[in-house]
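Participant: dropping the sequence and predicted coords here.
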Amino acid sequence: MADEFDDFLAKALRPPDCGPDRIFVARVQSQIRLDEQLRAERRSMLSSLAIQVLGIAALSASVFWLLRSPEIASFAAESPAILLAALLAAFSFAVLLFSTGPSPRGPQASFSTA
C-alpha cells in the first residue's frame, strides 16, 4: 500500500516533462556575454589609467628635477607667481593632452541586457 501511495505522490508531484526554457537560457547567455564585455572594458580602463598615472609621474619628476637647478631656483625665489603660473599652464596642458588622446580600443560597443 505504501509503495502505491509513494508512486502516486511521485507522479502527482513530478514537474511536467517539457523542453528547456529557451528564454531563460538566452537571458543567462546574454548576461555572461555582458559580464565578459564589462570585464574586458574594466581591464582596458585600468591599463589606460596605469599609463596615464605613469605619464603624470614622469612629468612631475621632470618638473621636480628642473626645479632643482640653481638658475630656476633663483628665478623662483625672485618671482614665484610667474613660476606658479607656468607650472599651472604646463599641468593644464598635460591634463588636456591625456584626456583627449586617441582611444586604443576603437569605437565603443553598446551594451544591452535583452
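Facilitator: Sure thing, it's come through. Numbers count the residues shown, from 1 in each chain.

Participant: pLDDT weak spots in the chain?
Facilitator: Under the criterion pLDDT under 70, the flagged ranges of the chain are 1-2, 101-114.

Participant: the helices in it, which residues?
Facilitator: Taking DSSP state H, the helices of the chain run over residues 2-13, 22-67, 70-78, 80-99.

Participant: what helices and strands are in contact with the second one?
Facilitator: What it means is helix 22-67. Contacts defined by 3 or more CB pairs under 8 Å, 6 or more residues apart in numbering; DSSP states H and E place helix 22-67 against helix 70-78, helix 80-99. (Glycine included, C-beta is placed from N, CA and C.)

Participant: and for the first one?
Facilitator: The helices and strands touching helix 2-13, judged by 3+ CB pairs under 8 Å, 6+ apart, number zero.

Participant: in it, what counts as buried?
Facilitator: By neighbour count on 16 or more other CB atoms under 10 Å, the buried set for helix 2-13 is empty.
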